[in-house]
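J.: Dropping the sequence and predicted coords here.
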Amino acid sequence: MTPGMKKYKLKTGYTELVQCLLQKGKNVIAPKYSGRTLLFAKIDNAADAVLPDKYVNTVRSAKEFMFPVTEPIVEFSYGNKDVKVFDPVVEADEKIIVGLRPCDAAAFTVIDDIFNYEYKDEFYFTRRRNAVLITFACETSDEACFCTSVGLSPESPQGSDILFKKNSSGTYIAYTNSEKGEMVIRQAEELFEELTESEEENNSIYEEVSRSMRKPLDTVKIKEWLDKNFESTKWDEYASRCLGCASCAFLCPTCHCFDIVDEVKYEGGLRRKNWDACQFPLFTLHASGHNPRDIQSKRYRQRVMHKFKYYSDRFNKTLCTGCGRCVRSCPVNLDIYQVVSEITMEGVENE
């Protein structure tokens, strides 16, 4: 148990916890099916929340609840020479996001740095301050998961306000990691019972899930190769299948690129921040017509470099939590784990 964390036994089940939060008027976000697609969504009925042991992970991450797909950042109007600018109201309602996996909760601790770099993005941090992250440790994984390669595990507490793990008898134990987590416990105190260290029971299932994952990557060796191989012909080989669809970026919990556009009407308009992706040709197109990443191999190189080199250079963190969404979603099976694993293998020489 991480120092400073308290632990509580959940006397009921997951559904009863969600129902209790709803009954207390909380704005609850949880994994919910939209057709056949499992997404994080606002729920009004606990029965709509999919149980944590019924999925490996959602198709899309929960980052959109802190960093929306699109959001207005300025509203303006004009008439003759009279120009008026209005700041939009940033959504500040408390959200409780339930059913996160450790890789998704940890992602917020990674991208916090970029939204606080040189300029603090209050759009992001207003939502971040008002969000409670409740995570459930992974009882299973699939062939795409590789969180153990980037310093995490199926039971990592990073970023979680509350981490739930099952003990050997199948009872959920809540580990609080922040005052926000403690607040939720207090608000639903009828469901919890505080435990002492001697009452804790370990569950080997989480170690078994860790062992079932792909062989951990050597991120130090990956970065060493990337430091020396910006011009490698390997990038042409790796990107030869890439369609530039950017599904990897849009589903990723740590990708954070955006564009800013003005939507103008006759007497005013909105300036919006919209998700964007480095895999799109227009992402780096200059007004002059020059594009420094004019072919897909350069754009794919940027994705890998950003994940395993550039972000590390700036923040000493890997811009990846091993959630595997990019692997599952890629229409041509371009697997970033395989790519960075290959470049560290003996026989791939510096060019």
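T.: Okay, I see it.

J.: list the buried ones in the strand or helix carrying Tyr206?
T.: In this assignment (DSSP states H and E), Tyr206 forms part of helix 205-212. Buried residues in helix 205-212, counted by 16 or more other Cβ atoms under 10 Å: 205-206, 209-210. C-betas here are computed from N, CA, C, even on glycine.

J.: Likewise for stretch 64-72?
T.: By neighbour count on 16+ other Cβ under 10 Å, the buried set for stretch 64-72 is 64-68, 71-72.

J.: And that stretch, end to end?
T.: Its start and end residues considered, stretch 64-72 measures 14 Å (Cα to Cα, to the nearest Å).

J.: Contacts for it, please.
T.: Stretch 64-72 is contacted from outside by 29, 40, 88, 95, 97, 108, 111, 115, 123-124, 127-128, 131, 256, 258, 270-275, using Cβ atoms under 8 Å, 6 or more residues apart in numbering.

J.: What is the end-to-end distance of stretch 177-192?
T.: 16 Å.

J.: who touches that stretch?
T.: Stretch 177-192 is contacted from outside by 2, 4-6, 8-12, 16-17, 20-21, 24, 26, 96, 132, 134, 157, 160-163, 174, 176, using Cβ under 8 Å, 6+ apart.

J.: Buried ones only from those residues, please, as a ChimeraX command.
T.: The buried residues among the contacts of stretch 177-192 can be selected in ChimeraX (16+ other Cβ under 10 Å) with this line:
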select :5,8,9,10,17,20,21,26,96,132,134,157,160,161,162,163,174,176
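
J.: From the contacts of stretch 177-192, which land in strands?
T.: Of the positions in the contacts of stretch 177-192, 6, 8-10, 96, 132, 134, 162-163, 174, 176 sit in strands, assigned by DSSP state E.

J.: Distance check, Ser232 against Ile343.
T.: Between Ser232 and Ile343 the distance is 8 Å, computed by Cβ to Cβ, to the nearest Å.

J.: repeat for Ile162
T.: From Ile162 across to Ile343, the span is 38 Å (Cβ to Cβ).

J.: Could you do Phe250 as well?
T.: Applying Cβ to Cβ, the value for Phe250 to Ile343 is 25 Å.

J.: returning to that earlier point: let me have the buried residues of helix 205-212 in TSV, extended by pLDDT and distance to Phe283.
T.: Formatted as TSV, the buried residues of helix 205-212 follow (pLDDT from 0 to 100; distance: Cβ to Cβ, whole Å):
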residue	pLDDT	distance to Phe283
Ile205	94	42
Tyr206	95	39
Val209	96	36
Ser210	96	36
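
J.: partners of the lengthiest strand in the chain in the sheet?
T.: Using DSSP E, we find that the single longest strand of the chain is strand 70-79. When pairing is defined by DSSP bridges, strand 70-79 lines up against strand 82-86 (antiparallel), strand 268-275 (antiparallel).

J.: By mean pLDDT, show me the worst of those.
T.: In terms of mean pLDDT, the lowest-scoring of those is strand 82-86 (a mean of 90).

J.: Appreciated, that's everything.
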